[in-house]
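>>> sharing a model prediction with you, sequence too.
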Amino acid sequence: MIFRKADLEHGLNIDGETLTNLRFADDVALVTEKVENMEEQLNVLNNISLESGLKMHKGKTKYINNFESNKDITIDKEKIEMVESYKYLGRTTYLKDTKKKK
């Protein structure tokens, strides 16, 4: 319901379709080409969530990008942590050139 209301527009073009997010159970991965678009979409989702009586857990919300950027992301003036890797559906994705050897 929240994603239908959000009508996210920023994402990646894949075969003529725009991929904006991946969802599984309570995990969501947003996909954008610019950090500014990620911040915008996170704030849209946060506002719709609040209107629906839900609350985004900003402490668990993280972001990763694959390009140089000094831009911080904030949701309701709260800074969101940038990470070098994340796990989604059991697979770990790493920021370019930061994969740690085991």
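Looks like it arrived, so ask away.
>>> got the contact list for stretch 8-15?
The contact list for stretch 8-15 (Cβ atoms under 8 Å, 6 or more residues apart in numbering) reads 18-21, 30-34, 37-38, 40-41, 44-45. Where you see a C-beta, it was placed from the backbone N, CA and C, and this is true even at glycine.
>>> please redo it, this time with the cut-off set to 6 Å
18-20, 31-32, 37, 41 (Cβ atoms under 6 Å, 6 or more residues apart in numbering).
>>> could you redo those as CSV and give each row secondary structure and distance to Asn66?
As requested, the contacts of stretch 8-15 are arranged in CSV below (DSSP: H, G, I helix; E, B strand; the rest coil; distance: Cβ to Cβ, whole Å):
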residue, secondary structure, distance to Asn66
Thr18, strand, 18
Leu19, strand, 15
Thr20, coil, 17
Val31, coil, 11
Thr32, coil, 11
Asn37, helix, 14
Gln41, helix, 17
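>>> all helices for the protein, in order.
With helices called from DSSP state H, the chain shows them at 2-6, 35-51.
>>> picking up where we left off before, mind checking which of the contacts of stretch 8-15 are buried?
20, 31-32, 37, 41 (16 or more other Cβ atoms under 10 Å).
>>> all strands of the protein, in order?
Remark: strands assigned in the chain by DSSP state E are 12-14, 17-19, 21-24, 27-30, 62-63, 73-75, 78-82, 85-88, 91-94.
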